[in-house]
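[1] return atomic coordinates for the entry below.
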Amino acid sequence: MDQLPPWVTSVTDTNGRPDGSMLPAPPSEPEDPRRLLVPPATAELFQEIVRLGPRERDGLWLPARLVNYVREISRRRRFLRQYSWSVPTPAAIAKIAAFVEDRRLLEVGAGSGLWAKLLSEVGVTVTATDDGSWSAGTEGVKKSLPSGFSVDRGRFYPVQQVDGAGAVRRHADHEALLLCWPPYERPLAIEALSAFRGDELVYIGDWKCTADDFFRVELATAWQLVETVSLPTWPGINDTVYLYRRRLWNESIARRPNPHLTPLQ
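    Numbering: from 1, shown residues only. You can find the predicted model right below:
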C-alpha cells in the first residue's frame with residue numbers, strides 16, 4: 001500500500017490507534033493579520049503577544065538553530081505562565097467568531113482567560129471555566145505541578161472554577177464548546193465533550209500533545225472537521241485551530257454508556 005497523507009482515512013496503525021481517521025486535514029493558510037480589524041481594546045494586547053510570542057529564525061546554521069531552540073523553550077515557558085498554551089492571532093479570533101456566530105461559547109480549561117477575552121471583544125458571548133489544576137493557589141502560592149509552573153487563572157477574563165463535565169452541565173444552554181490545549185494525561189477533553197450537547201466544537205492545540213485517544217475516537221465518530229487555522233508555533237510544536245461541527249445527533253447517542261462521565265448525584 002502506498003503511504004497515505006496523515007489526514008486521509010486509513011487503517012489502524014501498529015499501536016492499535018486509528019491512524020488516518022484520527023488526523024484532520026492540513027491547516028489552511030492564515031489570513032494576513034494586517035488586513036483584519038483589531039478592536040482597540042485588544043490592539044495593545046496583540047502587540048504584547050507578538051513581542052513575546054514565537055520568533056521566526058529560518059535559515060540559521062545548525063549551531064545557531066540549537067541555541068535558538070533553547071532560547072525559545074525558555075520564552076515559551078514564560079508565555080505559558082502569563083498568556084496561553086496557544087498563541088492567538090487576529091485571523092484565528094476572526095475565524096472562530098465567524099464559525100460560532102451567535103452561539104454561546106463555553107470554554108473549558110480557560111486558564112488565564114486570554115482566548116475568552118479576545119473572543120468577547122469581537123462580540124462572542126463567552127463563559128470561561130477551569131478546574132484550577134494549572135492555576136495559582138488561593139493564597140497566591142503556585143501549586144507544585146509536574147511541569148514546574150502554573151497559570152494565573154482569570155488574569156484576562158473571569159474564569160469559573162469547575163471541572164470540565166461539571167462546566168458543561170452547569171452551562172447546558174451553550175451551543176459551542178472551546179477546548180484549548182486540553183491535557184493528554186487527564187480525561188478532561190473526553191469528559192467535557194461527552195457531556196456536551198451543542199453542535200460546534202473549537203479545539204486548539206497540537207494534535208500529538210493534547211487530549212487522549214478516547215477524545216480522538218469521539219471526534220472521528222461523531223464530528224466533522226469544517227476548517228483549520230494555523231497558529232504561530234514554538235519549536236517542536238504544531239499549533240492549530242480545528243473547527244468541528246457535530247456529524248449526527250440522535251437519542252441513541254445521548255443514551256449510550258460512556259465510562260468517562262461521572263453520574264449525577
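[2] going by C-alpha atoms from here, please, whenever you check contacts or count neighbours.
    Fine.
[3] okay, now the unreliable bits of the stretch 101-250 of the chain?
    134-150, 249-250 (pLDDT under 70).
[4] tell me where the stretch 151-265 of the chain has helices.
    164-170, 188-195, 213-222, 251-255 (DSSP state H, counting those that start in this stretch).
[5] how about these in JSON lines, adding distance to Pro235 and mean neighbour count?
    Output for those, formatted as JSON lines (distance: least, Cα to Cα, whole Å; neighbours: other Cα atoms under 10 Å):
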{"stretch": "helix 164-170", "distance to Pro235": "29", "mean neighbour count": "20"}
{"stretch": "helix 188-195", "distance to Pro235": "24", "mean neighbour count": "23"}
{"stretch": "helix 213-222", "distance to Pro235": "24", "mean neighbour count": "17"}
{"stretch": "helix 251-255", "distance to Pro235": "40", "mean neighbour count": "9"}
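[6] please list the outside residues in contact with the helix or strand hosting Thr127.
    Using DSSP states H and E, Thr127 sits within strand 125-130. For strand 125-130, contacts defined as Cα atoms under 8 Å, 6 or more residues apart in numbering pick out 102-111, 113, 116, 119-120, 153, 157-164, 167.
[7] rerun at 7 Å
    104-111, 113, 116, 120, 158-163, 167 (Cα atoms under 7 Å, 6 or more residues apart in numbering).
[8] with stretch 196-205 instead?
    86, 168, 174-181, 239-246.
[9] bridging residues for Val241?
    Listed by DSSP bridges, the beta-bridge partners for Val241 are Ile204, Val229.
[10] from Trp115, how far off is it?
    Distance of Val241 to Trp115, computed by Cα to Cα, to the nearest Å: 12 Å.
[11] what do you get for Ala98?
    Between Ala98 and Trp115 the distance is 15 Å, computed by Cα to Cα.
[12] repeat for Leu52
    16 Å.
[13] over to Leu225?
    21 Å.
[14] of these two, who's got more company?
    Trp115 (25 against 18; other Cα atoms under 10 Å).
[15] in what helix or strand does the more buried one lie?
    Short version, using DSSP H and E: Trp115 is in helix 114-121.
[16] Gly132 now?
    Residue-wise, Gly132 maps onto no helix or strand under DSSP H and E.
[17] if we can go back for a sec, what angle do the helix holding Trp115 and strand 125-130 make?
    Note on geometry: by axes from the mean of the first three to the mean of the last three Cα atoms, to 10 degrees, helix 114-121 and strand 125-130 are set 170 degrees apart in direction.
[18] circling back to that earlier point, reformat the helices of the stretch 151-265 of the chain as JSON lines; add distance to Ala43.
    As requested, these are exported to JSON lines (distance: least, Cα to Cα, whole Å):
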{"stretch": "helix 164-170", "distance to Ala43": "30"}
{"stretch": "helix 188-195", "distance to Ala43": "31"}
{"stretch": "helix 213-222", "distance to Ala43": "34"}
{"stretch": "helix 251-255", "distance to Ala43": "42"}
